[in-house]
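1. Next come a sequence and a model predicted from it.
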Amino acid sequence: MLNPGTKAADQGMAGAIFGHVDAVLGKPLQDKADAATGDAKVAAQKMLDEARVKWRELSFAIAAGVVEYLRTNLEIHGVRTGGAVAATVAGQTESSAPSAHRHGIGVTASQAGVVFVQTNDGVGLIR
C-alpha cells in the first residue's frame, strides 16, 4: 500500500525517507555534537534537534508528493493473470401464455484456462 506516512515521519514512506536522511546527515553531525564540550555541545545538539524536526517535515513533503504523483500517473501494462471462471444463473422465468406458470432456472457455465491481460484502460486506484 502506498502510505505517505505522517508529518512526524514516524511511519510509512515519510518514516523510511527520514530514516535514510537522518542516517546520512544526522550521524556525522551527532558525532560532532557528541565530541564537543560545554556550551558548544549544548548548542550543537540543539541545532541538530531542530534540523531533525525540519528533516521530518521535508521527508513527509517528499513522501506525500511521490505518493500523489504515483496515484495520478502510474500506468499498469502487461500484467497477466489466469484461472477458471464459473458463472451461475439462477432464478425463475416469468409466466406467459398459453400456460401462466413459472419455471425454475439453474445453470452454471465453467471455463478453465481463462487469461486476463491488465491494461491501463478503466478505473482503479494504486494502493
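-> Arrived safely.

2. make it CA atoms for all contacts and neighbour counts henceforth
-> OK.

3. Surely G78 is in contact with F116?
-> No - counting by C-alpha atoms under 8 Å, G78 stays clear of F116, with 10.0 Å between them.

4. the domain parsing of the chain - what is it?
-> 12-73, 79-118 (automatic domain parsing).

5. Tabulate those domains in a markdown table, adding columns for distance to N3 and mean pLDDT.
-> Shown next, in a markdown table, are the domains of the chain (distance: least, C-alpha to C-alpha, whole Å; pLDDT from 0 to 100):
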| stretch | distance to N3 | mean pLDDT |
| --- | --- | --- |
| domain 12-73 | 5 | 96 |
| domain 79-118 | 23 | 86 |
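
6. What is the subsequent helix or strand relative to the helix or strand V21 falls within?
-> Assigned by DSSP states H and E, V21 belongs to helix 12-21. Next helix or strand after helix 12-21 toward the C-terminus (DSSP H and E): helix 27-35.

7. What segments of the protein are strands?
-> Here the chain has its strands, by DSSP state E, at 79-92, 104-118.
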